[in-house]
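>>> Model the following, please.
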Amino acid sequence: MPEEMNRGEFQRVRSETKHHLIAFFVSIVLTLLAFYPVAYGVNPRFTIPFIVVLGAIQAAFQLYIWMHMKDKEHRFPTIYVYVAILVVWITIMAFLFMIWW
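Residues are numbered from 1 along each chain as shown. Got it, this is the predicted structure:
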């Protein structure tokens, strides 16, 4: 343990590092999972939604782990992201409703 850090700070940094490594490996696995349907010529009706879902999962990992949105100090940016997601979802649903109705 470095002399500049107290025990609590060291534990926090260690925990952050562990979470970053886990998110990094999960991101690599998600990327490899998205690669296989494309590489092996799986039906595009499955491949496109599959890649979109994997991309959404990976974006959530990046927001919460690497952009520190899980931290208490980042409540307002977290609220802004949730509101933006809600606005995008409502907009997409409105367009789909207008097109198909």
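
>>> pretty sure Ile57 is touching Leu30, no?
Yes - the criterion here is CB atoms under 8 Å, and Ile57 meets it with Leu30 at 6.1 Å. Backbone N, C-alpha and C define where each C-beta goes, glycine included.

>>> Neighbour count for these two, which is higher?
Leu30 (17 against 14; other CB atoms under 10 Å).

>>> Ala23: how many residues sit nearby?
Using other CB under 10 Å, the number of residues around Ala23 comes to 17.

>>> so what's it up against?
Phe61, Gln62, Tyr64, Ile65, Trp66 (CB atoms under 8 Å, 6 or more residues apart in numbering).

>>> Report pLDDT for the second one.
The predicted local distance difference test score for Gln62 is 81.

>>> Roughly how far does it sit from Gln11?
Distance, Gln62 to Gln11, using CB to CB, to the nearest Å: 24 Å.

>>> can you give me the helices for the protein?
Listed in chain order, the helices of the chain (DSSP state H) span 7-39, 44-61, 75-100.

>>> any idea how far the residue most central in space within the chain lies from Ala84?
Centroid check for the chain by CA atoms, centre = their mean gives Ala60 as the closest residue, at 1.8 Å. To Ala84, Ala60 is 13 Å away according to CB to CB.

>>> which stretches of the chain aren't confidently modelled?
1-5 (pLDDT under 70).

>>> Met67: neighbour count?
Neighbour count for Met67, taken as other CB under 10 Å: 15.

>>> roughly how far apart are the nearest residue to His20 once chain neighbours are set aside and Val13?
Leaving aside its chain neighbours, His20 sits nearest to Ile65 (6.2 Å; criterion: CB to CB, 6 or more residues apart in numbering). For Ile65, the distance to Val13 (CB to CB) stands at 14 Å.

>>> the more surrounded of these two?
Ile65 (19 against 12).

>>> List the residues that contact the more buried one.
By CB under 8 Å, 6+ apart, the neighbours of Ile65 are His19, His20, Ile22, Ala23.

>>> do you know how far it is from Phe97?
The gap separating Ile65 from Phe97 is 35 Å, by CB to CB.

>>> do the same with Ala56
21 Å.

>>> what does Tyr36 give?
34 Å.

>>> Could you do Leu30 as well?
31 Å.
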